[in-house]
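# I need the structure of the sequence given here:
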Amino acid sequence: MANLTGLDRSRYVQTMFARIAHRYDRMNRLMTIGQDVRWRQEVIQRSELPPNGYLLDLGAGTGDLAREALHQHPHSHAVAADFTLEMMRMGKRRPGTAHLVWSAADALQLPFPSDTFDAVVSGFLLRNVIDLRSALQEQHRLLKPGGRVVSLDTTRPPANFLSPAINFHLHVVIPALGRLVAGEGEAYKYLPDSTETFLGAEQLASRMIATGFRQVGFRRVMFGTIAIHWGVK
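Residues are numbered from 1 along each chain as shown. Below is the predicted model of the structure:
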């Protein structure tokens, strides 16, 4: 669960995503009312991928971001990397994957040379890694000088008058959808729990700056429960 640490957390996350792989994309559309499609489009736009550029979709799951990169930049080179094989197997069955390169890889120890990619993007990865500092360092290492990192992830929303409704959605609606659609209430209890134990948007931005990224910024969406972060090497 969200309070696990180290290898126990890593194994739990890997096993959980393997179990929900067959319903992962459908659940994302339902939980976000389809808004995650627009957020992924924004992630690729903010990556500012150059012509024929190289992009790494890290923690790619079924490869949504990598496919969007190829849609926006048909001549780019996209690599989708994840440590859950079942998620990538599901992704390979989807249209638009013919020109994707898939790689089984751990976000903390990536099998790519330094200064390889023009952009490193991720969707709902960072809150799941067991060592955020190492994950950010690896992304920084892989980027070419001037390359951009863009992350889409859940974040703790600021307290406001909507907090009761947000908490109800996170702790009641999402687990109920998980049970009904994916048959996995426990997995979709992990989502709100891991969101609440993850860094706030400002704290994540500070970690990115400490790693060496510059021009760091972020934008909150979905009533403050989701944030898009970006930075430059």
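
# where do the helices sit along this protein?
Taking DSSP state H, the helices of the chain run over residues 6-20, 24-31, 35-47, 64-72, 85-92, 132-142, 163-168, 174-177, 187-197, 201-211.

# need those in a markdown table with distance to Gly217 and mean neighbour count, can you?
No exception for glycine: its C-beta is placed from N, CA and C like everyone else's. What follows is the helices of the chain, written out as a markdown table (distance: least, CB to CB, whole Å; neighbours: other CB atoms under 10 Å):
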| stretch | distance to Gly217 | mean neighbour count |
| --- | --- | --- |
| helix 6-20 | 28 | 16 |
| helix 24-31 | 24 | 18 |
| helix 35-47 | 9 | 18 |
| helix 64-72 | 19 | 23 |
| helix 85-92 | 29 | 19 |
| helix 132-142 | 15 | 20 |
| helix 163-168 | 23 | 12 |
| helix 174-177 | 28 | 18 |
| helix 187-197 | 21 | 19 |
| helix 201-211 | 7 | 17 |
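
# how about these in a markdown table, adding distance to Arg219 and mean pLDDT?
Formatted as a markdown table, the helices of the chain follow (distance: least, CB to CB, whole Å; pLDDT from 0 to 100):
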| stretch | distance to Arg219 | mean pLDDT |
| --- | --- | --- |
| helix 6-20 | 26 | 71 |
| helix 24-31 | 19 | 80 |
| helix 35-47 | 8 | 96 |
| helix 64-72 | 17 | 96 |
| helix 85-92 | 26 | 90 |
| helix 132-142 | 19 | 98 |
| helix 163-168 | 18 | 81 |
| helix 174-177 | 22 | 79 |
| helix 187-197 | 17 | 78 |
| helix 201-211 | 9 | 97 |
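
# distance to Thr116 for these - can I get that in JSON lines?
Formatted as JSON lines, the helices of the chain follow (distance: least, CB to CB, whole Å):
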{"stretch": "helix 6-20", "distance to Thr116": "24"}
{"stretch": "helix 24-31", "distance to Thr116": "27"}
{"stretch": "helix 35-47", "distance to Thr116": "15"}
{"stretch": "helix 64-72", "distance to Thr116": "15"}
{"stretch": "helix 85-92", "distance to Thr116": "20"}
{"stretch": "helix 132-142", "distance to Thr116": "5"}
{"stretch": "helix 163-168", "distance to Thr116": "39"}
{"stretch": "helix 174-177", "distance to Thr116": "36"}
{"stretch": "helix 187-197", "distance to Thr116": "29"}
{"stretch": "helix 201-211", "distance to Thr116": "17"}
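
# quick one: which of those is nearest Ala78?
helix 64-72 (4.2 Å; CB to CB).
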